[in-house]
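Undergrad: 3D, please:
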Amino acid sequence: MRDLQSTNSMWLKGWLFLLIGVVSAALLLMEDWSWRRAGLLVLCVWGFSRAYYFAFYVIERWVDPQFKFSGLGHFITWWWRGKR
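TA: Residues are numbered from 1 along each chain as shown. This next block holds a predicted model:
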(Lines give C-alpha, C1' and ligand atoms only; values in the text may rest on other atoms or scores of the structure.)
Protein backbone atom coordinates (compact mmCIF):
# COMPACT_ATOMS: atom_id res chain seq x y z
CA MET A 1 0.00 0.00 0.00
CA ARG A 2 1.31 3.46 -0.88
CA ASP A 3 1.81 6.23 1.66
CA LEU A 4 -0.91 8.84 1.76
CA GLN A 5 0.53 11.98 0.15
CA SER A 6 -2.44 14.34 -0.21
CA THR A 7 -2.90 16.79 2.66
CA ASN A 8 -6.62 17.05 1.89
CA SER A 9 -6.97 13.27 2.01
CA MET A 10 -5.18 13.18 5.37
CA TRP A 11 -7.57 15.79 6.78
CA LEU A 12 -10.56 13.89 5.39
CA LYS A 13 -9.28 10.65 6.91
CA GLY A 14 -8.82 12.33 10.30
CA TRP A 15 -12.31 13.86 10.27
CA LEU A 16 -13.85 10.53 9.24
CA PHE A 17 -12.08 8.75 12.13
CA LEU A 18 -13.42 11.40 14.50
CA LEU A 19 -16.92 11.01 13.06
CA ILE A 20 -16.77 7.22 13.48
CA GLY A 21 -15.73 7.64 17.11
CA VAL A 22 -18.37 10.23 17.98
CA VAL A 23 -21.22 8.34 16.29
CA SER A 24 -20.15 5.03 17.87
CA ALA A 25 -19.93 6.55 21.34
CA ALA A 26 -23.28 8.29 20.92
CA LEU A 27 -24.99 5.07 19.83
CA LEU A 28 -23.49 3.13 22.75
CA LEU A 29 -24.53 5.76 25.28
CA MET A 30 -28.02 6.28 23.80
CA GLU A 31 -28.68 2.55 24.14
CA ASP A 32 -28.20 2.58 27.92
CA TRP A 33 -27.08 5.91 29.41
CA SER A 34 -25.16 6.03 32.67
CA TRP A 35 -22.26 8.08 34.00
CA ARG A 36 -20.41 4.85 34.72
CA ARG A 37 -20.74 3.69 31.10
CA ALA A 38 -19.67 7.13 29.81
CA GLY A 39 -16.62 7.13 32.10
CA LEU A 40 -15.60 3.63 31.08
CA LEU A 41 -15.98 4.57 27.42
CA VAL A 42 -13.72 7.61 27.93
CA LEU A 43 -11.11 5.46 29.70
CA CYS A 44 -11.29 2.85 26.93
CA VAL A 45 -10.71 5.42 24.20
CA TRP A 46 -7.92 7.10 26.18
CA GLY A 47 -6.18 3.77 26.91
CA PHE A 48 -6.25 2.60 23.31
CA SER A 49 -5.05 6.02 22.12
CA ARG A 50 -2.06 5.84 24.45
CA ALA A 51 -1.28 2.27 23.30
CA TYR A 52 -1.39 3.42 19.68
CA TYR A 53 0.93 6.34 20.50
CA PHE A 54 3.29 3.92 22.24
CA ALA A 55 3.31 1.50 19.30
CA PHE A 56 4.18 4.13 16.73
CA TYR A 57 6.04 6.93 18.47
CA VAL A 58 7.80 5.47 21.49
CA ILE A 59 8.91 2.24 19.79
CA GLU A 60 10.22 4.04 16.69
CA ARG A 61 11.98 6.80 18.65
CA TRP A 62 13.52 4.94 21.58
CA VAL A 63 13.16 1.15 21.40
CA ASP A 64 14.14 0.42 17.78
CA PRO A 65 14.91 3.61 15.80
CA GLN A 66 15.92 1.60 12.72
CA PHE A 67 12.48 0.08 12.27
CA LYS A 68 9.46 1.93 10.86
CA PHE A 69 6.01 0.45 11.31
CA SER A 70 3.34 0.67 8.64
CA GLY A 71 0.47 -0.42 10.89
CA LEU A 72 -0.48 -2.22 14.08
CA GLY A 73 -0.19 -5.60 12.36
CA HIS A 74 3.39 -4.76 11.40
CA PHE A 75 4.11 -3.74 15.00
CA ILE A 76 2.65 -7.01 16.37
CA THR A 77 4.75 -9.05 13.90
CA TRP A 78 7.90 -7.15 14.98
CA TRP A 79 7.06 -7.69 18.64
CA TRP A 80 6.22 -11.40 18.19
CA ARG A 81 9.47 -12.12 16.34
CA GLY A 82 11.49 -10.28 18.97
CA LYS A 83 10.03 -12.43 21.77
CA ARG A 84 11.26 -15.71 20.23
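Undergrad: hmm, who's touching the lowest-mean-pLDDT helix or strand in the chain?
TA: Every helix and strand of the chain was ranked by mean pLDDT, DSSP states H and E. The lowest is helix 72-83, at a mean of 78. Residues outside helix 72-83 that contact it (C-beta atoms under 8 Å, 6 or more residues apart in numbering): 52, 55-56, 59, 64, 67, 69. No exception for glycine: its C-beta is placed from N, CA and C like everyone else's.
Undergrad: 7 Å instead, please
TA: With C-beta atoms under 7 Å, 6 or more residues apart in numbering as the test, helix 72-83 has contacts from 55, 59, 67, 69.
Undergrad: For the second one, give its distance to residue 28.
TA: In this view, residue 59 and residue 28 are 30 Å apart by C-beta to C-beta, to the nearest Å.
Undergrad: For the two, work out which one has more neighbours and name it.
TA: Using other C-beta atoms under 10 Å as the criterion, residue 59 and residue 28 rank with residue 59 on top: 18 against 13.
Undergrad: From residue 53, how far off is the more buried one?
TA: 10 Å.
Undergrad: Residue 45 too?
TA: From residue 45 to residue 53 the distance is 13 Å (C-beta to C-beta).
Undergrad: repeat for residue 61
TA: Taking C-beta to C-beta as the measure, residue 61 falls 11 Å from residue 53.
Undergrad: same deal with residue 75?
TA: Taking C-beta to C-beta, one finds residue 75 at 12 Å from residue 53.
Undergrad: So between those two, which is more surrounded?
TA: residue 75 (18 against 11).
Undergrad: ok, residues contacting stretch 19-30?
TA: The contact list for stretch 19-30 (C-beta under 7 Å, 6+ apart) reads 37-38, 41.
Undergrad: which element is the residue most central in space within the chain on?
TA: Residue closest to the average C-alpha location in the chain (C-alpha atoms, centre = their mean): residue 52, at 4.6 Å. According to DSSP states H and E, residue 52 maps onto helix 35-53.
Undergrad: could you give the mean pLDDT of that helix?
TA: For helix 35-53, the mean pLDDT works out to 93.
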